[in-house]
Each structure stands twice: as C-alpha cells, then as structure tokens.
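Colleague: could you work out the structure for the sequence below:
(2 chains, ligands or ions: 1)
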Amino acid sequence: MLTEKIKSLDSEISAIAAISTTHEDIEKYRIEFLARKGKIASLYDDLKSVPNDQKPMVGQQINRLKKKAEEVYETLKSKLDSSTAKKELVDLTLPGRMLLHGTRHPITRTIEQMKSIFVSMGFGIAYGPEIEDDYHNFEALNFAPHHPARDMQDTFFIKDDVVLRTHTTPVQIRVMKSQKPPIRVIMPGRVYRNEAVSARSNYFFHQVDGLYVNENVTFAELKGTLITFAKNFYGSNIKYRFRPSYFPFTEPSLEMDITCFLCSGKGCRICKQTGWLEILGAGMVHPNVFRNCSYDPEKVSGFAFGMGVDRISLLRYGVDDIRTFFENDIRFLNQF
Amino acid sequence: MRISYKWLQNYIELKNSPKEVAEKLTSIGLEVESIEYLGKKYDGFVVGEVVEVSKHPNADRLSVCKVRLSQSTDAQQIVCGAPNVAAGQKVIVGLPGATIPKNQHDPDGKSFSLTKAKIRGIESNGMICSSYELGIGEDKNGIIVLDSSTPVGISLSQYLKLDDIVFELGITPNRPDCLSHIGVARDLAAVYGSSLKYPKVDFVEKKNFSINKIFTVKVENNDDCPRYTARVIENVTVKESPEWLKQFLSAVGLRPINNIVDITNFVMLEFGQPLHAFDFNNLAKNTIIVKRARVKEKFTTLDKKSHELNGTELMICDGDRSVAIGGVMGGMNSEISEATKTVLLESAFFSPTSVRKTAKRLGISTDASYRFERGTDPNMVDEASRRAAGLIAEIAGGEIVQGVIDVYPKVIEKIKIELRIFKVNDILGTNLSLEKINGLLQTLGIETQVKNNSLICSVPTYRPDIEQEIDLIEEVARLYGYDNIPNQTTVHSVFSQPSKIELHINEIRSWCESVGLHEVMTNSLLDEATALLYSTELIKVKNPLSVDLEVMRPMLLPTMLTAVLHNYNHGATSVRLFEIGSTFLAKHSEKTTRIQGISEYNKLGLILSGNAHDLTWYSKEREYDIFDLKGMVQSLLSKLGLDNIHLIYYDASSSLTEQTIGIEINGTYVGFLGQCSQKVLAQHKIERKVLYCELDLSVLIAVDEVRKFKEYSKFPSVKRDIAFVVKKNITAGDIETAIKESGGASVTSISLFDIFEGASIGEGNKSLAFSVTMQSREKTLTDSGIDALMKKIIASVVSTYGATLRSL
Ligand SMILES: [Zn+2]
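Modeller: Numbers count the residues shown, from 1 in each chain, chains lettered A, B, ... in the order given. Below you'll find the model as predicted:
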C-alpha cells in the first residue's frame, strides 16, 4: 500500500538524517529523496494509481512528507555550514573609521550659556548693527556731545557721526523705539574700542546687554536678577558685591564683583590684588534715555545691564592671552 | 586719582584701618583700585649702629662687624665688604628675609632675597647697604653713613618718611568733586557721620596798596569763563619746596618742580581747583584779558610744544600776546623760573565744554584740563586762591598785595530740586521714610526743606552731576548702601518675542559642528589692499589702530583665509572652518541699510581646504574639491528645510573664484560657492586649494520655524537604470533635467552612478548612467506603465541631446 510506503520512507528519512554529517552524506540524501527522480518524486507517480476517492488524503500525506524531507535537508545543510564556517580572524585593534566633528567657538559657548540663563528668566533676544550712528551709540544714551564720559570708550569713527559701536547698549534704543513696554530682552554682539591690542585686551570684543522695562521695575529687582544670573553662571556658592558706579544711561548705576575664583579672594595678578573680579555693570534706565525713546519715566521704569564676554571667557577656560581666541588655531578650537 | 592716606587725615579724623577705609570708599562708589604701601619695599631694613669692626680672618677685603639693631638687644655679627665701614657709624641694615632692591654684583642689578649665611666661614646676620643696593642712589663703592643723631632701630621707611599709604581711586567722570583730598574726605565724612576739617588759611596782606592799583582783568567771554580771579604776591624766592611738600607730591605721583608751581599743584590736589602762576614781570602789560585766540595764532605751551590755534580756544592774554590756554596749559613765555620775583596767581572757573573742546582739539590733557572738563566748583575759586597765596607767603617768603580781582558777573547759585519720597522708594524698591532720606542728604551738605511728601534740595555747586531728581535718588541709594537695598528675585512674567533667528542660527551651528567644521571668529577689520580684491565699496575707519586694520571686511573670506594660513603654517593638513558674522559695504539698500550709505550683512562662511581624507588603512588620501563643498551646502539647505533651490553654474571664473556656483532660494540670491582663484590664494600666500561658500543668513533664516508635514507615497517604488552616450559638452545636469521633465511627477529621484569615456563609445563622447526611481502617489506602478514612462524619457533625451541609449 502506498500509505505504508510513505510511512516507511518517513522513518527512513529520520534515520538517515541522524547520521548524515558531511557534504557527501547530505548530497546523497538530497539525490535519494528530493531529486527529480528521487523517492518522493516517485511517490507522486504512484499516486496516479490510487483510487480517486483516496487521492486527496494520500496526496496530502505525500506533500507533508516532501515538506519534512525538505526541512531536514535545510537543517542538515545549515548545521554543516555553521560547523564548518571559516573562523576569520578580525583584528579589532584596527583604528575605527573616524567621523569628523566640528566645534563651536569658545566665545560662542560663553554667549550661549549666558543666553540660556536669561532666556530661562523670560528674556528675549535682540540684535543691532555694528556700525552705529552717534545718536544711538551716544546721544540717545545720555552721553552729552562734549562730555568726558565719552572718553570712557575710545571710539573708531567711520564719519564724524558714524562709529563702530562701542557697546551693545545702542540696541536698547532700537528695541525701545520699535516696541512698547513691557520689554525684556538681552542683546549680544560684537563691539569695538580703539585700544592697543595686548594679551588682556583686543580692539573688538563681545558683550551681552540686557534691558527690562515695565511698570514698577525696581533697583531691588535688578539686584535680584543679577544675583540669580551670577549664581547660575558662576556657581551657587559665589560671593558677590555691588558697588555704586557711573554710566550715563543708567542711574543709580552699579558694578557687580564676584570673589576672584583664581585666588579665592586672597588677591592675585588677575584681580590686581583686590580679591574681586568685576563681572558686569548695570543700573536703572536713566529718565533721559526714556524721554529720548518717547517713554514717560513717570509711567515706566526699567533696568539695564551689560557684561563683557571675552575677558570672562579667558578666566573660564584658563586661556591667558585674549588673542588666542581670534587666532583660530584648530588645535585650540578642537578643545571646545 | 592718587589719594594719600596721611594727607586725608588732615581733613577728616579716621578711626579705621586703611583697608577698612578703602572698602568704605569702594562701597560709596569711589572705587579703590589698589592700595600702595609706599614703604613696603623697604620692609626688613632698619637703622643700626656699628659698634665694632675687625678684619675677616679668611678674606682681606671683608670686615666682621658687630651692629646694634635696637636699643635693647645685643649687637649682631654682620660681614661687610665696604671699604668705608667703621665703628660708631649709623648705617642701614637689611635683615634676613628682606629683599635687596638691586644687586650690585649683578650686571642687570636684579633684586635678591637676603638669608642668614656663612661668608668665608664667618656667620653673617644681615647686610649693611649701599645707596645703589637700596635703589635710592647710584653709589656702589661704599655703604651709606647716616647722621649720627639717627635713632637706632627705626625702620628705613620711617627714616625715609615713606610711611604713607596711597589709594589709587577710579573716579568716574560724574564725580569731579572727588578729584581732590578734601572732596574724598567730604564723602567719607558723610558716610562716617564725622566732620570735615578745612585747612586753616593763614593770610596776611603785607603790601599796603590794592591790587587794583597795579593790575586789571577783563573777560571777553563770560560764558566760557564765568569767573576769573587774580592775586599778586611780590618778593618771592623761587627754590626747591620743603620736604613735606615734595614728599606729598611724590606720593601722589607728581614731580616736584619749584615751590611756587608745587604750591599750585598742592592746592589743586587739596581743593580740586586748578591754579596757574604767572611770572608777573613777564606779562607785557599789567593786565589779563580772557578772549578767543586769533585764527592761525601760534602758541608754545609750557611743555615746549608749539600749537596752531583755530580761533575757538579761550586764551589768557597779557595785552600784547597770549600767555596761557585757559584751563589747559600755561605758556613758555610767562613760566615761573628761578628769576621770578612777583607772581600773578590765577584761580578761575572755566566752562567744562569749552575746555574739553580745546584740550581735545589740541591733543593736550593736563591735571587742570581734566578737572575743568569734568566741572570744578565756581564758588571755591577764591578760597583756593587764598590758600595758595597764604602758602606762597609762608614757603616762598612772598608778600601778598592787598585784595583780589574777582570777575564774577553772574554768581552761580545752588540749584533746587524737588525729591519725592515715593519716587525714591518706587525706583529703589525700598520703604525709606522722609526723615531717613533727609538725614542721608544732609550729611552730603545738601540743604533740604520739607514740602508735603517731598524734599526741596539745594545742591552745593561742587556737585555739578546732581541735576535732577534721579541724581538725588542715586545719592540716597549710595549712602543708604547698596547692600541694604533688598534683593528681589521673583520674576514678573512678561511676554518676550520668541526669536526665530536664534532657532535657525542654532540649527546651522549644530549642523556645521556635525559635518566637521570648526567655528572661527576673525577680524572685522583688514588692510585696504587686500580688501580691494574683494570689493571696491569699502568702509574705511577714520582713526584706525594701524594700516592693517583700516577697512571693514566686505566679505568673511579674506579674514577667514588668514585663519586658514595660520593653520597651514602650524602643521594642519586639513582645514574646515565656518564663521557667522557681519560684513559691510558702502552702499545704500532698503533691506540692509540702517545707517545712511552703509549696508551691513549677516553672513555664514564655509571653508574646506586640504585633505578630505588622510591616508588610512581603509582609504586613500584625497584633497577636497568643489563637489565636497557643493554636497555640503546642499545638505545644509536640505537640513534647513529649504526647497525651491536654484543653482546657477557660471562658466567664466570671477577674480575671486573659479568653478563658481550661485545659489537662489525662491528666486532670491543667497550666495555662492566656488574654488578660490590663484590671485586670491597668492594674495594670502596659501598654497593649497581652498573651497569657499558664503551665504546670506537673513535669507536662510527667513523660513518658518514650524515645518508642515508632507504626506509621502504609500505605494512601492521601482528603480530602473539607463545609460546614455552623449557628446562631451552635454552636462549631467542637462540630462538630469530632461529626465525629470519628461518623466513628470512619477520620477521621484535621479542618481548619476557612472561616468565613462573611452574608445568603445567613440571619440568625443561620454556615457552617463543614471538610476531613476519612480513612484506614484495614487497607485502601484505596473510593468507596462514603467516601460512606457522609460520609453518617453529615453525618447526625450535622445531627441533633445542627440543621445544614444547604451545597453547596460
Ligand atoms: Zn585673584
């Protein structure tokens, strides 16, 4: 009976599968059972003589057997492949295929850190031109035309009334003239001073100015804002002090010092033996500045502050010559 | 401004240490930048008495001395090499630990530190010094021998009277009142609540005739010189100043000249009022006329410099000629000399603006002009004159002529300002009472009157900075103490315009970093010759630091190339840079101009130069070429979500770049990329190829920061490869465009994967092989549909470019 024959072939396949380990064995198995003239193919020939009513059932049995034979063949083959696969020796100490990476300039990094602190305190960001007119850079900021306060900032002139901005403060005027209070922005950018270039000073540098104008803004709030910034930027356990100072565009004005972090306040070359490092200037927006922007100083008040970026970056990164920042040596840039 | 602690104590009683006083000064806005202990470098030097001298047993030239260093202790043994040492001498001894300012055995005279030592076997406990070694003289040949009356044991700084302490004050331009010892003492008195002691002016007018008999003063410009006073002192003896005066001047950094000049300087440093002394006998006529200079008048100042005047300067004239530039500097022609017998003493109030304009124009800055520019006290003019006249009489033996000529037609009165108490507290965030505020202001010498909830304040004329209410609020804050004002850290929420620019710039920086570019920050200024290579529309600085920094950069390229050169000069093989910065052109355009005639642009510059790969185990060395940069820029534009990009391929090379590609986004030109020309590289002395791209950031960041999702096809895509043989002058771009146009929307991407030239396809030909991806948004493309599409594409390329299909 064909059914018997199928059953015996089934066990035969299992038996041979158990002993077939080499390529030859497996090839022999394939030819014996799965080739076009193999034992399973011949079962299909035998099927023709099976009575019609039994054909589907027996046919199914043959199909199942064929499937099993094929699976066995695949299994044997893959076992053989894995056991005889060539064990290639990989030298993992070869250098990896490196990807290039670039860097942000350290000055950019400092500005970004400052920005992120002020943005978290609700400040927006504004920009202005580097070539400014006398009006925005001086006059509107309450520098009288022939006042010695102008000597505080050595100026590059393009024309008699056009200058390279000496601070980012003129952006305050531009912002106030184009927006209505409340205003809370910081203004980063490059500024210029006509000073000899040395290890400690460059003819251009970077500043971040800030401005807050609203009803009832107080000096107390200014101090609080600056302390929050300083603790975020320099560390929560810094010591600080506020000193009265003078800027034409703010009054009362202050300068903020923190304990020199190079000598912990004992006095060193960097802090000129004072133990303090000046980090920023600030003050309440001068009523004359408000008037110049058509704001009523009886209705609004505000504070402004400004800080240099480059000198702070020197100390932060432990660089001792400010010119290093602008030499743009890749060996330097790569470290940031 | 240097302030002597010793002299300060003549005007105010100080109970605190110098360090505490310095801190107080800083806390009220008179910042002490440094404290200098004048005698500090002589710490460890004392006066000793040589009691015994004997020969050194092992050295002929040395003596072994016993030196008594104090009244109570035993004499110390000191080895000395000086030939003039002898018993009984008073000498200066450096003790172990002291620093000898100058080593006389060192060619450069470097300092050295003393230690206990054995010299040729004999112990020595110090050193007896020469004047050279102490830095107070040039004598190297022997030790200084002091007067026998000098007490033993006193310190050298006591002996040299260098026991003063000097504060270096940073006085802000608004506080001219503190450019003097009395001014500083006045602020200290206010904050310490102690009283100010004015110097007593001893004043005897010996001559029994009035100055008006012998002298006249006429002021032609009362606006520029609101007050002018003159006194005459006869029979003076011009000579060296007494020790105390010389010491004071040296301590505060002024060189003593002669007693008359020194006295005028002393009174200026005491009262803040600059004075000028003329040699009366050198004045042509017995008169002073204050008037403007003549146009093109020549005048030689005390410092022997000659100036040409333009007629705006206020001059002090003697009837014939000018003798001083008012408030700035005296002239050579009337200078005090040893021959001077009679002094005309000028004390005046000049208008700050007038003095400043003149000093600026002539490039002169003197102690006098510095004070006048900032504002002196018009009502202190005569007081200072009396003080100086008194001192001249006392020190130079002069006889003061009776009276004073005082031209002061319009007396400058104290101004009155209303201070509202609520305004003080509104601005400061405090809750100060009227009484408290009143008390603070009165300590400053401000007279007040209470009116409702305000104070009507009369401001002394020595405080020209106090002009309006806010200035008084500052005084209140300063004296109340910044530290006592609360710190309010709660933040009121305010809507701040979110900055679109920030998001985009940050994205661009991140992208640049991720593709291996280093951010540089380069000079904004460069030399004109180099800049002219880049543009003729240059903006020049009128007062540059040097010719190398004369014009504003018209592009980022020239200054970035400086960075490229620097890196090649320091061993780099690959230079990949980016910069975000401003460039400037002298032209007017609505979009870019904020200052008449000037355009400022915000640019992104990219540079690739040198090796794209170094030689490694997995790759060959390769140099960057234009396609590295082109691909990079395309990647950036895609990263920023910019489409509708049009590239313009320029055939001709410009003077700056060859192989140049222009970039337009939505029809707006944003910049270019290209390979720097030989001319540019030669100018910058760079030997390797440099690829450069400059893009206008204002266009790049104009895109919306919120991107809209675009649906993509859900149907499978099919890829087909085709190759065309075309004439060499046909570009890959031409064929690509033809494929895109004939294939229509179904062609989603075209990729060129092979370029071949060779005899097999005929001379003058090339083969371009493309992989074309097709996909529909509506349906699965059928084989027959794809075949039809490919036929259409092939037909189009063949007919447009005379191409033949090459079988793959
Ligand atoms: Zn320090």
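Colleague: and the strands in the stretch 51-200 of chain A?
Modeller: Along the stretch 51-200 of chain A, counting by DSSP state E, counting those that start in this stretch, strands occupy A:124-125, A:131-133, A:157-159, A:162-164, A:183-192.
Colleague: make that the stretch 201-336 of chain A, sorry
Modeller: Remark: strands assigned in the stretch 201-336 of chain A by DSSP E, counting those that start in this stretch are A:204-214, A:240-247, A:250-259, A:276-285, A:301-308.
Colleague: strands paired with the fourth one, and their directions?
Modeller: This points to strand A:276-285. Paired strands of strand A:276-285, with direction, are strand A:250-259 (antiparallel), strand A:301-308 (antiparallel) (DSSP bridges).
Colleague: can you put the strands of the stretch 201-336 of chain A in JSON lines and add mean neighbour count?
Modeller: To be clear about C-beta, it is placed using only N, CA and C from the backbone, and glycine gets the same treatment. Output for the strands of the stretch 201-336 of chain A, formatted as JSON lines (neighbours: other C-beta atoms under 10 Å in any protein chain shown):
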{"stretch": "strand A:204-214", "mean neighbour count": "23"}
{"stretch": "strand A:240-247", "mean neighbour count": "21"}
{"stretch": "strand A:250-259", "mean neighbour count": "24"}
{"stretch": "strand A:276-285", "mean neighbour count": "22"}
{"stretch": "strand A:301-308", "mean neighbour count": "24"}
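Colleague: quick one: which of the ones you listed is nearest A:Gln335?
Modeller: strand A:204-214 (19.2 Å; C-beta to C-beta).
Colleague: now whichever helix in chain A runs longest, how far from the centre of its chain.
Modeller: For chain A, the longest helix by residue count, based on DSSP state H, is helix A:55-84. Here the centre of helix A:55-84 is set off from its chain's centre by 57 Å, with C-alpha atoms, centre = their mean, to the nearest Å.
Colleague: likewise for stretch B:201-216?
Modeller: That offset, for stretch B:201-216, works out to 49 Å (C-alpha atoms, centre = their mean).
Colleague: next: stretch B:118-126.
Modeller: 52 Å.
Colleague: picking up where we left off before, export the strands paired with strand A:276-285 as JSON lines, with columns for mean pLDDT.
Modeller: As requested, the strands paired with strand A:276-285 are arranged in JSON lines below (pLDDT from 0 to 100):
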{"stretch": "strand A:250-259", "mean pLDDT": "96"}
{"stretch": "strand A:301-308", "mean pLDDT": "97"}
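Colleague: okay, now the unreliable bits of chain A?
Modeller: For chain A, the stretches with pLDDT under 70 are A:83-87.
Colleague: and the helices in it?
Modeller: Counting by DSSP H, chain A has these helices, from start to end: A:2-19, A:23-29, A:39-47, A:55-84, A:106-120, A:134-137, A:170-178, A:219-234, A:287-292, A:310-317, A:324-327, A:330-333.
Colleague: on that earlier part again, if we go by neighbour counts, what in the longest helix of chain A is buried?
Modeller: Residues A:Val58, A:Gln61, A:Ile62, A:Leu65, A:Lys66, A:Lys68, A:Ala69, A:Val72, A:Tyr73, A:Leu76, A:Leu80 are the ones in helix A:55-84 that count as buried (16 or more other C-beta atoms under 10 Å in any protein chain shown).
Colleague: which residues does the residue in chain B that the ion sits nearest to bridge with?
Modeller: Among all residues of chain B, B:Ser34 sits closest to the ion, at 12.8 Å; criterion: C-beta to the ion. Legend: beta-bridge partners of B:Ser34 under DSSP bridges are B:Glu168.
Colleague: returning to that earlier point: in TSV, list the helices of chain A along with distance to B:Ile456.
Modeller: Formatted as TSV, the helices of chain A follow (distance: least, C-beta to C-beta, whole Å):
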stretch	distance to B:Ile456
helix A:2-19	116
helix A:23-29	115
helix A:39-47	121
helix A:55-84	103
helix A:106-120	41
helix A:134-137	35
helix A:170-178	32
helix A:219-234	24
helix A:287-292	19
helix A:310-317	45
helix A:324-327	54
helix A:330-333	61
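Colleague: circling back to that earlier point, helices or strands next to the longest helix of chain A in the packing?
Modeller: Contacting helix A:55-84 under the criterion 3 or more C-beta pairs under 8 Å, 6 or more residues apart in numbering or on different chains; DSSP states H and E are the following elements: helix A:2-19, helix A:23-29, helix A:39-47.
Colleague: let's have these in TSV, adding distance to B:Lys304 and mean neighbour count.
Modeller: Output for these, formatted as TSV (distance: least, C-beta to C-beta, whole Å; neighbours: other C-beta atoms under 10 Å in any protein chain shown):
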stretch	distance to B:Lys304	mean neighbour count
helix A:2-19	118	14
helix A:23-29	111	15
helix A:39-47	124	15
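Colleague: export these to TSV and append columns for distance to B:Ile722.
Modeller: Putting those into TSV (distance: least, C-beta to C-beta, whole Å) gives the following:
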stretch	distance to B:Ile722
helix A:2-19	50
helix A:23-29	43
helix A:39-47	44
